[in-house]
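A.B. asks: Let's see this in three dimensions:
(chains A and B)
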Amino acid sequence: MARVGFLMLCHTALNRAAQVARHWAMQGAPVVIHLDARVGRAQHERMVQALADLPHVGFCRRYRCEWGTWSLVAATQAAAEMLLAAHADVTHVYAASGSCLPLRPHAELQAWLDAHPGTDFIESVTTEDVSWTVGGIDIERFTLHFPFSWRRQRWLFDRTVDIQRRLRIRRRIPQGVVPHLGSQWWCLTRRTLAAILQDPRRRAFDRYFARVWIPDESYFQSLVRQHSPQIESRSLTLSKFDFQGKPHIFYDDHLQLLRRSDCFVARKIWPEADRLFRVFLAPAGSAPARAEPNPGKIDRLFSRAVERRTKGRPGLYMQSRFPNENWENGKTAAPYSVFEGFAEVFEDWEGWLGRAIGGRVHGHLFAPERVRFAGGERVWNGALSDSAALRDYNPRMFLTSLVWNTRGERQCFQFGPADLQDISWFMATDPNAQLSVISGAWAVPLFRAGAPFAELRRTAAALQKTERWHLDVLRSPWAKARVRIWSLADFAENPMEPLQTILDEITPRALRRPAEAPRLVDLAGFGRFLQQLRNEGMQPVLMGDFPVADPAPPDPVRRTAGRAV
Amino acid sequence: MGFLRAYGLRLARRRWLIRAWRKGRELSAVADRTRSIRPRDLLLFSTLRNERIRLPHFLRYYRDLGIGHFLVVDNASDDGSREYLASQEDVSLWTTTASYKRSRFGVDWLNWLQRRHGHGHWCLVVDPDEFLVYPFCDTRPLRALTDWLDASSIRSFGAMLLDMYPRGRLDAVPYAEGQDPLDVACWFDSGNYTISRNPRFGNLWIQGGPRARVFFADDPARAPALNKIPLVRWHRSYAYVSSSHMLLPRGLNLVYDEWGGEKASGCLLHAKFLHTMNAKAEEELVRRQHYAGSAEYRAYAGRLAEGGELWCRWSEKYINWRQLEILGLMSKGNWA
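C.D. replies: The predicted model follows:
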C-alpha cells in the first residue's frame, strides 16, 4: 500500500497548519513542516510544542521565503530531502501548504495512488500552452534576469525586463531542460523525487533556476520531465487563481461544493472557516470511496467570478462598475426600439404596436414636459420617476436604467424633434438601439392642427433644423445602432413592408401576426400645406416629394390590407 | 494628473488633518477604553446625537458582524444615549457640545479619532441608522471580507447608501427599541440612480432613490449624495474629505472599475425613515446643523408633514444581499 509523506510550507495561521499536520500524522502519514524563517521564535516554539506528541512530524531547516523567488524551492527541497531520508518506507511525497485542507480520508488517497502505480501527479505544461502567467511573462521567466523583487521593487523589475527585451539579452537554458510550468502542489513518487534531488547535474540546475522568476512553478515541473516514466499532468490539490494570479479562498459556505468536488486536498482555506476544518478533519468512518476528483463545479464558480470582475454585466452602471466611454461592453443591457414619426403618421400607433408585439409601448419618453410612460404611468420599473427634471439631469442614465430595470421586456418608445435631443448620440452609438425614422413626419400634426400660419412656419423651421441634426448623427460613421430612415413620402407610398421588417426584428419568432393593419392618417391636402410653407419662405425638405395637387388617393393601407401583416 | 494638482491635493489633505487635530480638541473623553483594542480588531467610528432608541440594535448588528471596538462621538445628546454608550464594555465614547456643522458634520472629529486609534486597522465609518450589507454577509463575517481585501491589496471598500422606507406614512408603524428597523422600513428604490464622476477627487457621485424622486423631483442637483466608502484599511495620513463620501489620497476613491468589470461592493441600508423622522426634521429645522442649511430636512418636513409617503408601486421589498446583487446595486466582483 502506498505510504504518502507530506511536506508542508507554512508561514501564517500556524494553528490551522498544525491541525492539518496532526490530521495526517494521526492517520499514519509522516509530515515534514517547513516554517518560514520570518516566523518569530515564540510562534515556532508553540507549533513545535503543539505537535511534540507526534513522532512522525518533523521540522526542516528554515528559509526566508518570498513569493516568486528561489527560497520556496529551497524550502521544498529541504523538506523533501528530510522526508525521504527519515522515512525509508515513504512511496509518495505530497507537497502541501499551511493553508491546505484534506477533503477526503487519507485511506482514499492511498487507494487512489495504489490504483495508479508509478504515476507522478504534477501539473506540467509548456510555456506556449499556459494562459495564467502574471504580467504576460511566460518563456521570458526562463530567459531573462530578475535581480529585483516583483512585490517590493515593481518599478525596477519592470524596467529591467524592458531593457533586457530591448537589448535582446537572453540567458541560456541548461541543455536538456524544456521549460514547463504548473502548480507547485504536486504528488511525486519516491523514485522520481529522489532522481530529481540526486541528479548529478543538480548543482547546475539549481544555479540556473535560482535566477528564474517564480521557480517554484517551474523547477519540479520542468525537471520531472527528465526523470518520470509516467506523468499525469494535473494537481491533486484543488487550487484556483483569480485574474491577478491570487488564489481563491474557500469559506464555510463552500462546504457542499468542496464535498462534491471529490478532490483530495483544497487550497486556500480561510483560517477562520471553522466549519470546514471541523467537518473535513473529523475522523473518517466509511470504507474508502474511489471517486474521480471532479472540480468542474468549483471551476465554473470561480471562472464566473473572474468574468464578473473583468467583463461585468453589460449595460449596468453602478457604484463599482462605471466604465469609461467605449469600454462599456454593452452600452445598454438589452435591445430596444425607437420610433420617430410613426405616432404622427398612424392613428393609435402605440396601441396598435403594443398589440402587435404583445407588450407595453411608451410614448415620447423624452418629451419636454414629462416622461410619457406607457399608459400614462407616473413611475416605472425600478421606481423611475416621470419627472422631466430628474430625467434631464442625466438622460443617459435615465435610458440605461430603464433598459436595465426592464430586462426581459423589450422597450419601445417614440422620439421626435420636439423631444430632448441630448440622448441622440448615445442612442446612435448603441448597437442595442433599433431606430426607425419617418423623416418629416413631424409636419403632419402641424398640418392637421390648422394653427395660424406664421406661427406654424416658425415651429416647422425649428423642428426641421433639429431633425436634420438628428439625422446627421444617425448617418455619421460612428453610428452603431440599427438605423432605418424613410422620407414621409416614401413611407406613405408603401408603409406595410417597412413595418413588417421592423416587427420581424422585434419579435423574430412570433407566430401571432396582427390581425389588423394600422390606419394611416388622412394626408389629403398635405402637398398643398407644404407648398404654403414654401410660399412663406421656408424650405421643407425632409418629407420627400408630395405633389401640390392631391393625386388620385393612393390609400396604401387599403391596397395591402389583404396581405398578412 | 498634473504635478501641481497632485501637490494641491496633498496640501488639502494636510489641511484637513490639521483641522482634525484642532477640532479634536473639542472632544472630551467620557469612556476611553481604546487600550483594550487588539491589533487585528475591526473598528467602527460613528458620530451621533439623540439616537438612544436605535442604539441597542445598532450595537448588536455590528457586534454580530465582528466589530471589535466602537469609537463614538456624542454630540450633546440629552436622551440618555451618552449614559447608555458609556456603559458598554466595547465602546469608547467622547462627547462635545461644539457645532456639528463646524466640524464639517462630524468629519473632523472622526478624522482625528481615526488618526489616533485607527492606524493599521480596518475602520468602518457609519451612522447609527446605516447597516452595512456586503457580499456573503449572511455566511461570512466582516473579517472574511477584510482578509480578502488585504490579500487582494485593496485598501477601501465602497458601499452605496440605500434609503429604506416603510409602506404608508412614516408614523403609521412606530419603531420600538431593540427592533430591527428594517422590519419597519423594508422598501427601497431599485433602479433610479444617476452617477457621474467627480474629476477632482476621482470618486463617483451617486444621487437618486426615494429622496430624489419625492423631495427633489424639481431640483435633482440638490438631491443628497449616496456614494459612500465606509470601510478603509486606515493609515494615519488618510483623511475623509466630506462625510464618508470621499477620501484623500484619491486612490482610495477608486472603488469602481473603469474598464467594464465590476469590483466588489456593498450597500449601506439607510433606515432613516422611521416615525422618529418627523420629530427629527422639526428639530433640525431649528438647529440648522446639517448640510446646505438643512435643505434636506426642510424638504422632508414639508412633504412628510402633509402625510406624504415614499412608497410607490415599483418599490422593491428587501430580502437579502443576493437580491441587491441581482438588481445591480452591489456586486460580488471576483469574490466567490
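A.B. asks: A:A194 and A:L84 touch, don't they?
C.D. replies: Yes. Counting by CB atoms under 8 Å, A:A194 touches A:L84, with 6.1 Å between them. From N, CA and C alone the C-beta is placed, and that goes for glycine too.
A.B. asks: between those two, which one's more packed in?
C.D. replies: When neighbours are counted by other CB atoms under 10 Å in any protein chain shown, A:L84 comes out ahead of the other of A:A194 and A:L84, with 19 against 16.
A.B. asks: mind listing what's buried in the helix or strand where that one lies?
C.D. replies: Taking DSSP states H and E as the definition, A:L84 sits inside helix A:71-86. For helix A:71-86, the neighbour count (16 or more other CB atoms under 10 Å in any protein chain shown) marks A:71-84 as buried.
A.B. asks: count of neighbours near the residue of the stretch 151-300 of chain B found nearest chain A?
C.D. replies: Using CB to the nearest CB, the single residue of the stretch 151-300 of chain B nearest to chain A is B:G191, 2.3 Å away. Neighbour count of B:G191, defined by other CB under 10 Å: 24.
A.B. asks: now do the one 10 residues further on
C.D. replies: Neighbour count for B:F201, taken as other CB under 10 Å: 20.
A.B. asks: C-alpha coordinates for stretch B:220-227, CSV please?
C.D. replies: What follows is stretch B:220-227, C-alpha atoms only, in CSV (Å, rounded to 0.1, in the frame of the first residue of the first chain):
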residue,chain,number,x,y,z
PRO,B,220,-32.3,66.9,-8.7
ALA,B,221,-28.9,68.6,-8.5
ARG,B,222,-29.6,69.2,-4.8
ALA,B,223,-30.5,65.6,-4.0
PRO,B,224,-28.2,64.1,-1.4
ALA,B,225,-25.2,62.1,-2.4
LEU,B,226,-25.4,58.4,-1.9
ASN,B,227,-21.9,57.3,-2.7
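A.B. asks: which residues touch that stretch?
C.D. replies: A:319, A:387, A:389-390, A:393, B:158, B:160-163, B:193-194, B:203-209, B:211-212, B:215-216, B:243, B:245-246, B:291-292, B:295-296 (CB atoms under 8 Å, 6 or more residues apart in numbering or on different chains).
A.B. asks: Of those residues, just the buried ones, PyMOL syntax please.
C.D. replies: The PyMOL command for the buried members of those (criterion: 16+ other CB under 10 Å) is given here:
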select buried, (chain A and resi 319+387+390+393) or (chain B and resi 158+160+161+162+163+193+194+203+204+206+207+208+209+211+212+215+216+243+245+246+295+296)
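A.B. asks: Got the phi and psi for the residue of the stretch 1-150 of chain B found nearest chain A?
C.D. replies: Nearest residue of the stretch 1-150 of chain B to chain A: B:T139, at 4.0 Å (CB to the nearest CB). Per-residue torsions, B:T139: phi -120, psi -10 (degrees, to the nearest 10).
A.B. asks: The residue nearest to it when sequence neighbours are not counted: neighbouring residues, count only.
C.D. replies: Once flanking residues are discounted, B:T139 sits nearest to A:D253: 4.0 Å by CB to CB, 6 or more residues apart in numbering or on different chains. As a burial measure, A:D253 scores 15 neighbours (other CB under 10 Å).
A.B. asks: So A:D253 sits against B:R140, correct?
C.D. replies: Yes. Taking CB under 8 Å as the definition, A:D253 is a contact partner of B:R140 at 6.9 Å.
A.B. asks: what about the helices in the stretch 151-300 of chain A?
C.D. replies: Along the stretch 151-300 of chain A, the stretches classed as helices by DSSP state H, counting those that start in this stretch are A:154-167, A:190-197, A:202-209, A:219-227, A:255-261, A:274-280, A:296-310.
A.B. asks: does B:Y84 count as helix, strand or coil?
C.D. replies: The three-state label given to B:Y84 by DSSP: H, G, I helix; E, B strand; the rest coil is helix.
A.B. asks: Pull the contacting residues for it.
C.D. replies: For B:Y84, the contact set (CB under 8 Å, 6+ apart) comprises B:52, B:55.
A.B. asks: Then the one 5 residues further on?
C.D. replies: Applying CB under 8 Å, 6+ apart, one finds that B:E89 lies in contact with B:R33.
A.B. asks: Which secondary structure element is home to it?
C.D. replies: With DSSP H and E as the test, B:E89 turns up in no helix or strand.
A.B. asks: Over to B:A29?
C.D. replies: Here B:A29 is assigned to strand B:28-31, by DSSP H and E.
A.B. asks: picking that back up, contacting residues for the residue of the stretch 1-150 of chain B closest to chain A?
C.D. replies: A:251-253.
A.B. asks: count of neighbours near residue 297?
C.D. replies: Because you didn't say which chain, this covers chain A. 13.
A.B. asks: ah, I was thinking of chain B
C.D. replies: A total of 24 residues lie near B:Y297 under the criterion other CB under 10 Å.
A.B. asks: and it, what does it touch?
C.D. replies: Taking CB under 8 Å, 6+ apart, we find B:Y297 in contact with B:280-281, B:284-285, B:290.
A.B. asks: Which of those ranks first by neighbour count?
C.D. replies: When neighbours are counted by other CB under 10 Å, B:A281 leads the contacts of B:Y297 with 21 neighbours.
A.B. asks: Surely it is in contact with B:G302?
C.D. replies: No. Between B:A281 and B:G302 no contact is recorded; they are 9.2 Å apart, counting by CB under 8 Å.
A.B. asks: Give the helix, strand or coil label for the residue of the stretch 351-500 of chain A found nearest chain B.
C.D. replies: As assessed by CB to the nearest CB, chain B sits closest to A:G382 within the stretch 351-500 of chain A, at 2.3 Å. Assigned with three-state DSSP, A:G382 falls in the helix class.
A.B. asks: ok, A:A78 to chain B distance?
C.D. replies: 26 Å (CB to the nearest CB, to the nearest Å).
A.B. asks: Pull the residues that contact stretch B:163-173.
C.D. replies: B:181-182, B:184-189, B:209-211, B:226, B:269-275, B:277-278, B:304, B:307, B:309-311, B:315, B:318.
A.B. asks: Tell me where the model's unsure across chain B.
C.D. replies: Counting by pLDDT under 70, the ranges of chain B that qualify are B:1, B:288-294, B:304-305, B:307.
A.B. asks: Just list the residues touching the spatially most central residue of it, thanks.
C.D. replies: By CA atoms, centre = their mean, chain B has its centre lying nearest to B:V126, at 3.7 Å. Going by CB under 8 Å, 6+ apart, B:V126 touches B:44-46, B:62, B:132, B:230, B:244, B:268.
A.B. asks: let's see it at 7 Å
C.D. replies: Going by CB atoms under 7 Å, 6 or more residues apart in numbering or on different chains, B:V126 touches B:44, B:46, B:132, B:230, B:268.
A.B. asks: what does B:A301 give?
C.D. replies: B:281-282, B:285.
A.B. asks: Mind listing what's buried along stretch B:74-85?
C.D. replies: B:74-75, B:77, B:81-82, B:84-85.
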